[in-house]
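K.L.:
sequence and predicted structure below; questions after.
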Amino acid sequence: MSATHIKLSELIAMQHQAASWAVRRKYIRAAMSGAHVSRLRGRGMEFDEVRVYQPGDDVGSIDWKVTARKGVTHVKLYREERERPVLVCLDYRNSMFFATQGALKSVVATQAAALLAWHGIGHGDRLGGMIFSGESHAEIKPMRGKRGVLALLHQCSQHPAWQHRTQTAIQAALDALTRKLRYTSKHGSLIYILSDFRGLNKQAIADLVQLARHNDVVLISVVDPLEQSFPKSGTYPVFDGKQYFQIQATPQLRQQWQASFEAHQAKLDELQTQYGITHITLHTDDAIADTLAQRLRLR
């Protein structure tokens, strides 16, 4: 696979890699009613039907509007949700089109998203997602079967961010995503967000905390090794897409660089320890399928 671009055919072919995870899922379903591993919460409840009240029904389930309209007491029934909504959200902002080792962060995130999407429908879930960039948000409503996965992967491969970059503030774009997820996600959803989480501020954190109250939220940080540790002393050429310049690596710069990265990761780790939001890290030179399976315990 290319380190700088994605192909729809290659993303579709990744269903075979995710299939090995689905084998494990079938075994789990045979013994339990839920399909997800224990670190994630169970499914939500969805509306089933309204019927005439019967002795033994919970009074609290009476549907007063239908009762008043028909003149006979009716109750509203719910059942365990069989097809859990799974949302795979991808970051295509400018900072994701970067790497010094392995593949671009955007390529790693897209391949991980494809694996998670195929894994989702292997569970019989409805698959949807969002792609957010500096200019726009593309939303795919959860759908059954392969339609949802193919719609998401098609949007990924055709997204204009692969052709040109935007100048939108990176912080504002992340805020917009978390706010939209907070107000539009159906309770009981499993939500993956694949990003470098640049611009993670108080508003975005507050949105994620609210979102996690009713959903399983998994944050997957995509990190280049250079972001984690700056090179030893020396002069390094850098190209920002428009022009070349040089950076002088000094001990002071290395220390500031390291401290900034650790502070950013600490924010994400704190969301896991305090609010139960799962956080894992993918590096641009990782074996994506193996790393995902190991850190999310998918097999």
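P.N.:
Cool, got the structure.
K.L.:
residue 67 contacts residue 61, doesn't it?
P.N.:
No: using Cβ atoms under 8 Å as the test, residue 67 is too far from residue 61 to be in contact (11.2 Å). To be clear about C-beta, it is placed using only N, CA and C from the backbone, and glycine gets the same treatment.
K.L.:
between these two, who's got more neighbours?
P.N.:
Applying other Cβ atoms under 10 Å to residue 67 and residue 61 shows that residue 67 carries more neighbours, namely 16 against 13.
K.L.:
how far away is the more buried one from residue 268?
P.N.:
For residue 67, the distance to residue 268 equals 48 Å [Cβ to Cβ, to the nearest Å].
K.L.:
same check, this time on residue 116
P.N.:
For residue 116, the distance to residue 268 - Cβ to Cβ - is 18 Å.
K.L.:
those two: which is more packed in?
P.N.:
It is residue 116, of residue 116 and residue 268, that has more neighbours when counted by other Cβ under 10 Å, with 25 against 18.
K.L.:
three-state assignment of that one?
P.N.:
helix (DSSP: H, G, I helix; E, B strand; the rest coil).
K.L.:
mind listing what it touches?
P.N.:
18, 86, 88, 192, 292 (Cβ atoms under 8 Å, 6 or more residues apart in numbering).
K.L.:
among those residues, which ones are in helices?
P.N.:
Assigned to helices by DSSP state H, the following of the contacts of residue 116 qualify: 18, 292.
K.L.:
and the closest residue to residue 211 other than its chain neighbours, what element?
P.N.:
Distances taken as Cβ to Cβ, 6 or more residues apart in numbering place residue 182 nearest to residue 211, at 5.0 Å, with adjacent residues excluded. Using DSSP states H and E, residue 182 maps to helix 170-184.
K.L.:
mind giving me the packing neighbours of that helix?
P.N.:
strand 85-91, strand 126-132, strand 137-143, strand 190-195, helix 202-212 (3 or more Cβ pairs under 8 Å, 6 or more residues apart in numbering; DSSP states H and E).
K.L.:
the same query, at a cut-off of 6 Å, please.
P.N.:
helix 202-212 (3 or more Cβ pairs under 6 Å, 6 or more residues apart in numbering; DSSP states H and E).
K.L.:
for the helix it packs on, name the packing helices and strands.
P.N.:
Helix 202-212 packs on helix 170-184, going by 3+ Cβ pairs under 6 Å, 6+ apart.
K.L.:
7 Å - rerun?
P.N.:
helix 170-184, helix 251-275 (3 or more Cβ pairs under 7 Å, 6 or more residues apart in numbering; DSSP states H and E).
K.L.:
figure out which of these is closest to residue 160.
P.N.:
Distance to residue 160, taken as Cβ to Cβ, is lowest for helix 170-184 among the helices and strands packed on helix 202-212, at 14.3 Å.
K.L.:
next, the angle strand 137-143 makes with that closest one.
P.N.:
Here the directions of helix 170-184 and strand 137-143 differ by 30 degrees (axes from the mean of the first three to the mean of the last three Cα atoms, to 10 degrees).
K.L.:
can I get helix 170-184 in PDB, CA atoms only?
P.N.:
Only the C-alpha atoms of helix 170-184 are listed here, as PDB (Å, rounded to 0.1, in the frame of the first residue of the first chain):
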ATOM      1  CA  ILE A 170      -7.500  23.400  13.400                       C
ATOM      2  CA  GLN A 171      -9.100  24.000  16.800                       C
ATOM      3  CA  ALA A 172     -12.400  25.100  15.400                       C
ATOM      4  CA  ALA A 173     -12.700  22.000  13.200                       C
ATOM      5  CA  LEU A 174     -12.300  19.600  16.200                       C
ATOM      6  CA  ASP A 175     -14.800  21.600  18.200                       C
ATOM      7  CA  ALA A 176     -17.300  21.300  15.400                       C
ATOM      8  CA  LEU A 177     -16.900  17.500  15.300                       C
ATOM      9  CA  THR A 178     -17.300  16.900  19.000                       C
ATOM     10  CA  ARG A 179     -20.300  19.300  19.200                       C
ATOM     11  CA  LYS A 180     -22.100  17.600  16.300                       C
ATOM     12  CA  LEU A 181     -21.400  14.100  17.700                       C
ATOM     13  CA  ARG A 182     -22.700  15.200  21.100                       C
ATOM     14  CA  TYR A 183     -26.100  16.400  19.700                       C
ATOM     15  CA  THR A 184     -26.700  13.900  16.900                       C
END
